[in-house]
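Trainee: next comes the sequence, and after it the predicted model I'd like to discuss.
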Amino acid sequence: MSGNGFWKILAQAISATGTDRHVDRLIDMIGAVVPQNLITVTRYSATRKPEFVKHRGYSDEMVARYLDTYYVFDPFYAYWRLNRRAGIVPLKSLADDAPKRGRYIAEFLAQSEICDEVGILLEDGDDWCLGIFLDRSTSMFSDGEVAALCSCFPVFEALHATDTRTRDPNLRRTSTPEAMGEAPVSAVQASLILWPDLTVRERELVALILQGHPNATIASRLGIAPGTVKNHRARIYEKLDITTERELFLQVFQQYRLS
């Protein structure tokens, strides 16, 4: 984007703080930093159910599915409830907190035709944050693009902080009544849903496999010998009727695409 174009978008975002145009102008500015295929805006609370604020290029049907079913598997929701920390949060940075092919990625994002996501989390009063999510359908966000968002984050944060101070205290981003939110599903719970026939230890091991850890790291994390990891793998593959790690990923993906 040209310098003149950037300053014009920034001026519009500044003038919109405290008004009902704020979120749209903030989206314009964030969306101008890196290319994306669609944008969604969600509010997260540490105690209440997420609220979908608006979206661009997204499906109303998928919004309903998210709020009905998938939000408890959303790693960004879990991140906010656990950390309450604003900032730029790439989906890949949350890979160690849940299986890479858990229900949020293998089912919800797959149905949404999203392959990568970056969240811009901004404090939004009380225990809420405003999450603006940039989504890609065919390529991943590069480290350079994430760094560009990080360099601009103080501007995004200052604009939204100005809005929270100056907007009408009765202004609500959505018309949806607030409701208590269910706790996020943990990695072990997700493994139980995905692989009910596996033992607890086998589900822990599968979660680490799907996070990309080699046998030596898995052995260290679980406090067992590398040979024991190999034995566990063999039993897991036998139970799931597969022979390779690639088939493990494919089986999980296909399970949720077909359910």
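Mentor: In hand now; what should we look at?
Trainee: and R173, what element?
Mentor: Assessed by DSSP states H and E, R173 sits outside every helix and strand.
Trainee: for it, report the pLDDT, please.
Mentor: In this model, R173 is scored at 75, pLDDT.
Trainee: surely it is in contact with H22?
Mentor: No: look at R173 against H22 with Cβ atoms under 8 Å: they stay out of range, at 9.5 Å. Every residue, glycine included, has its C-beta placed from N, CA and C.
Trainee: which one's more surrounded, the two?
Mentor: A count of neighbours by other Cβ atoms under 10 Å puts H22 above the other of R173 and H22, at 23 against 19.
Trainee: quick one: residues contacting that one.
Mentor: A13, A16, L159, H160, D163, R167 (Cβ atoms under 8 Å, 6 or more residues apart in numbering).
Trainee: can you pull the phi/psi pair for it?
Mentor: With angles defined as degrees, to the nearest 10, H22 sits at phi -60, psi -50.
Trainee: from F76, how far off is it?
Mentor: 21 Å (Cβ to Cβ, to the nearest Å).
Trainee: any idea how far D116 is from R233?
Mentor: 28 Å.
Trainee: what's the top helix by length along the chain packed up against?
Mentor: Longest helix in the chain by number of residues (criterion: DSSP state H): helix 143-166. Applying 3 or more Cβ pairs under 8 Å, 6 or more residues apart in numbering; DSSP states H and E, one finds that helix 143-166 makes contact with helix 3-16, helix 22-31, strand 87-90, strand 116-123.
Trainee: please repeat the previous calculation with a cut-off of 6 Å.
Mentor: Contact partners of helix 143-166 among helices and strands, from 3 or more Cβ pairs under 6 Å, 6 or more residues apart in numbering; DSSP states H and E: strand 87-90.
Trainee: for the residue nearest to the spatial centre of the chain, which residues are in contact?
Mentor: Among the residues of the chain, the one closest to the centroid is F76, at 4.1 Å (Cα atoms, centre = their mean). Counting by Cβ atoms under 6 Å, 6 or more residues apart in numbering, F76 makes contact with G119.
Trainee: return the per-residue confidence for I132.
Mentor: 97.
Trainee: look up the closest residue to it, ignoring the ones flanking it.
Mentor: Leaving aside its chain neighbours, I132 sits nearest to I120 (4.5 Å; criterion: Cβ to Cβ, 6 or more residues apart in numbering).
Trainee: near that neighbour, how many other residues are there?
Mentor: Other residues close to I120 by other Cβ under 10 Å number 27.
Trainee: go on, H213?
Mentor: When neighbours are counted by other Cβ under 10 Å, H213 comes out with 17.
Trainee: quick check, it in a helix?
Mentor: No: remark: H213 does not belong to a helix; assigned using DSSP: H, G, I helix; E, B strand; the rest coil, it is coil.
Trainee: assign a three-state SS to the nearest residue to it once chain neighbours are set aside, would you?
Mentor: Counting by Cβ to Cβ, 6+ apart, the nearest residue to H213 once its immediate chain neighbours are dropped is R221, at 7.2 Å. Under three-state DSSP, the three-state class of R221 is helix.
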